[in-house]
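S.K.: Take a look and give me a structure for this.
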Amino acid sequence: MSEPVIIRVFDVVGTPLCVSSADGQLVYDKLVPLVREGRKVSLSFAQVQTVISAFLNTAIGQLYGEFTEEQVRERLSVRDMLPEDVALLKRVVENAKAYFRDPERFKQVTGQEGDDDAQ
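M.R.: A predicted model of the protein is given here:
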């Protein structure tokens, strides 16, 4: 079995602060082709000091819109993450799975439906 490809988040975003969706998109763009090929990827958060949900939603959460839960679980691992960031990642993943299972229902339950009409 081949070793996983290691993606160092710090190297991708160039900063210890993972706080923007744009930076999350950079990580996502690195992950997708590898996951699509069936490669195992280890996402390292070494040197990262701050992670927020907007970053994780984009970097990891949107994987659940393109791949099955099983594919993500088998192909993606995360390491070198602070315990509080692991807890945040778990919440992001659960929300992403719920959203992509039924986006319309998720919007209704979270009160996001109809927000586009409010001006």
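S.K.: Which residue would you name as the spatial centre of the protein?
M.R.: Ile60 (1.2 Å; Cα atoms, centre = their mean).
S.K.: Could you pull out the strands in this structure for me?
M.R.: Counting by DSSP state E, the chain has these strands, from start to end: 5-8, 17-18, 41-44, 50-51, 76-79.
S.K.: isn't Phe67 right next to Gly38, touching?
M.R.: No. The criterion here is Cβ atoms under 8 Å, and Phe67 misses it with Gly38 at 10.5 Å. Where C-beta positions appear, they are placed from N, C-alpha and C, glycine not excepted.
S.K.: Please identify every residue contacting each of the two.
M.R.: Counting by Cβ atoms under 8 Å, 6 or more residues apart in numbering, the common neighbours of Phe67 and Gly38 are Arg75.
S.K.: Who has more neighbours out of the two?
M.R.: Phe67 (19 against 9; other Cβ atoms under 10 Å).
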